[in-house]
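Asks: Predicted model and sequence below, questions to follow.
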2 protein chains.
Amino acid sequence: MAEREISQAVISRLPRYFRYLGELRDREVERISSQELSRLMHVTASQIRQDFNHFGGFGQQGYGYNVEYLYQEISKILGLDKTHHLIIIGAGNLGQALANYMNFQRRGFIFTGIFDINPALFDRQIRGIRVRPMEEMTDFIRQNNVDIAVLTIPKSEAVAVARKLTDVGIKAIWNFAHVDLDVPEEVQVENVHLSDSLMRLSYLIGRYESRQE
Amino acid sequence: MAEREISQAVISRLPRYFRYLGELRDREVERISSQELSRLMHVTASQIRQDFNHFGGFGQQGYGYNVEYLYQEISKILGLDKTHHLIIIGAGNLGQALANYMNFQRRGFIFTGIFDINPALFDRQIRGIRVRPMEEMTDFIRQNNVDIAVLTIPKSEAVAVARKLTDVGIKAIWNFAHVDLDVPEEVQVENVHLSDSLMRLSYLIGRYESRQE
């Protein structure tokens, strides 16, 4: 299967292509060459052509890419033509921020439930959905066909919760806890380690300053 | 300067090394071999040795790494031995979540100010710091020696705000807006594109399912 060989780096770039193509589409641009896309996205045209070749090319030589077609194809590759039911574990600020991020809904990620251990939150409603106690999580996943769990809880609890999610057959975990989860290969994990990101920024500041000296 | 050649991939891995070394240090582990670190982190021992070689090695052959020394060295490389003053632009859920994330403070990132365009938020206090109107941002940066601005505002506003930040001489932008910022090379940018991350997760679900068919 050709798809097996697609590197993490190519996969990482796909959402960015999708975003730029979405903007071109909104501006009613019909065609774009790899050179134009290259200028817009600050990546080389050859990189773009190589990336697209992993998925069969999409393009007509010398004629450019059809924006709508490319947008729809990448959308399918990313699985955005399907609907995913998503729950959020942890109803703190970050959990609420993610629940309120309407853009996800537009892409087929349906916010279905939110859970916390803090009883003070149980009568709260977030986007019309009430915060449920953690004890109800497992049954809720079974009954509501939930695919994705978003972890916005401290790392001390994340490992145990990830185990429960695995046992109940969750397909994917979007992990904001500051810990790497050890789950079997049938559970897909995407980490958002905010501290790591801030440290990279700190590194870049220092590197720039040392070059100026 | 050797540091110029360090790839983005190595830089991306440094915070993760730092995190694992911090945990080893908390458990009072004094020495660790690249093999042990490899098992713990699920990367190859040769990758670890290669990565560390970019920074002069750190290790004694056959004797393992001194955890405390390695932790301190990576901390310095990441610039965590310095203090950074940080402001947050956008006092919504995400801005508040980041302001409340105490871990940043511990690493030398001092939360100094938070700004919004919504007057309803102006009397609110977040971690003892009141939300200020956007108009005060530029003067505040000048007067408070601010290094880092965190953008948690919609993409429609992010580009204009980034321009103002550049003009006032900000060193770095931690960008949560769903847009790539076009800033001069003296401004360091680290993007956290949450939608991109969720799309990668969606791709991984689809890929796993297509392999099972």
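Replies: Yep, it's here. What you are looking at is a predicted structure, and each value in this text was computed from that prediction instead of being measured. Residues are numbered from 1 along each chain as shown, chains lettered A, B, ... in the order given.
Asks: Local confidence estimate at residue A:178?
Replies: Residue A:178 carries a pLDDT value of 89.
Asks: ok, so what distance separates it from residue B:90?
Replies: When distance is defined by C-beta to C-beta, to the nearest Å, residue A:178 is 22 Å away from residue B:90. No exception for glycine: its C-beta is placed from N, CA and C like everyone else's.
Asks: can I get the CA coordinates of stretch A:89-103 in CSV?
Replies: Presented in CSV, the C-alpha positions along stretch A:89-103 are these (Å, rounded to 0.1, in the frame of the first residue of the first chain):
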residue,chain,number,x,y,z
ILE,A,89,-12.1,15.5,29.2
GLY,A,90,-11.5,18.4,31.5
ALA,A,91,-13.8,21.4,31.5
GLY,A,92,-11.2,24.0,32.6
ASN,A,93,-10.3,27.1,30.5
LEU,A,94,-8.6,25.1,27.8
GLY,A,95,-11.4,22.5,27.6
GLN,A,96,-13.9,25.3,27.3
ALA,A,97,-11.8,27.2,24.8
LEU,A,98,-11.7,24.1,22.6
ALA,A,99,-15.4,23.4,23.0
ASN,A,100,-16.2,27.0,21.9
TYR,A,101,-13.9,26.8,18.8
MET,A,102,-16.7,26.7,16.2
ASN,A,103,-14.3,26.0,13.3
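Asks: domains in chain A, as residue ranges please.
Replies: A:2-77, A:84-196 (automatic domain parsing).
Asks: Adjacent strands (with direction) for the strand ranked longest in chain A?
Replies: In chain A, with assignment by DSSP state E, the single longest strand is strand A:109-116. In the sheet, strand A:109-116 lines up against strand A:84-89 (parallel), strand A:129-133 (parallel) (DSSP bridges).
Asks: on that earlier part again, and the domains of chain A, which one averages the lowest pLDDT?
Replies: Here the lowest mean pLDDT among these goes to domain A:2-77, at a mean of 86.
Asks: just to revisit the earlier point, as a markdown table, the domains of chain A with distance to residue B:95 and mean neighbour count would be great.
Replies: Below are the domains of chain A laid out as a markdown table (distance: least, C-beta to C-beta, whole Å; neighbours: other C-beta atoms under 10 Å in any protein chain shown):
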| stretch | distance to residue B:95 | mean neighbour count |
| --- | --- | --- |
| domain A:2-77 | 22 | 15 |
| domain A:84-196 | 8 | 18 |
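Asks: residue ranges for the helices of chain A, please.
Replies: Residue ranges of the helices in chain A, as given by DSSP state H, are A:8-26, A:34-41, A:45-53, A:67-77, A:93-99, A:103-106, A:137-144, A:155-167, A:194-212.
Asks: Run the chain-centre distance for the fourth one.
Replies: What that stands for is helix A:67-77. From the chain centre to the centre of helix A:67-77 is a distance of 17 Å (C-alpha atoms, centre = their mean, to the nearest Å).
Asks: quick one, that helix and helix A:45-53 angle?
Replies: Inter-element angle recorded for helix A:67-77 and helix A:45-53: 60 degrees (by axes from the mean of the first three to the mean of the last three C-alpha atoms, to 10 degrees).
Asks: Pull up the gap between residue A:150 and residue A:194, please.
Replies: Distance from residue A:150 to residue A:194, counting by C-beta to C-beta: 14 Å.
Asks: shared neighbours, these two?
Replies: Common contact partners of residue A:150 and residue A:194 (C-beta atoms under 8 Å, 6 or more residues apart in numbering or on different chains): residue A:176.
Asks: Setting aside sequence neighbours, what's the nearest residue to residue A:192?
Replies: residue A:176 (5.1 Å; C-beta to C-beta, 6 or more residues apart in numbering or on different chains).
Asks: My understanding was that that neighbour contacts residue A:152; is that so?
Replies: Yes - here residue A:176 reaches residue A:152: they are 4.8 Å apart, a contact under C-beta atoms under 8 Å.
Asks: Residues that sit against both of these two, list them.
Replies: residue A:94.
Asks: just to revisit the earlier point, tabulate the domains of chain A (TSV), appending distance to residue B:74.
Replies: Converted to TSV, the domains of chain A look like this (distance: least, C-beta to C-beta, whole Å):
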stretch	distance to residue B:74
domain A:2-77	23
domain A:84-196	12
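Asks: Can you check which of the ones you listed gets nearest to residue B:43?
Replies: Nearest to residue B:43 among the domains of chain A is domain A:84-196; the distance by C-beta to C-beta comes to 10.9 Å.
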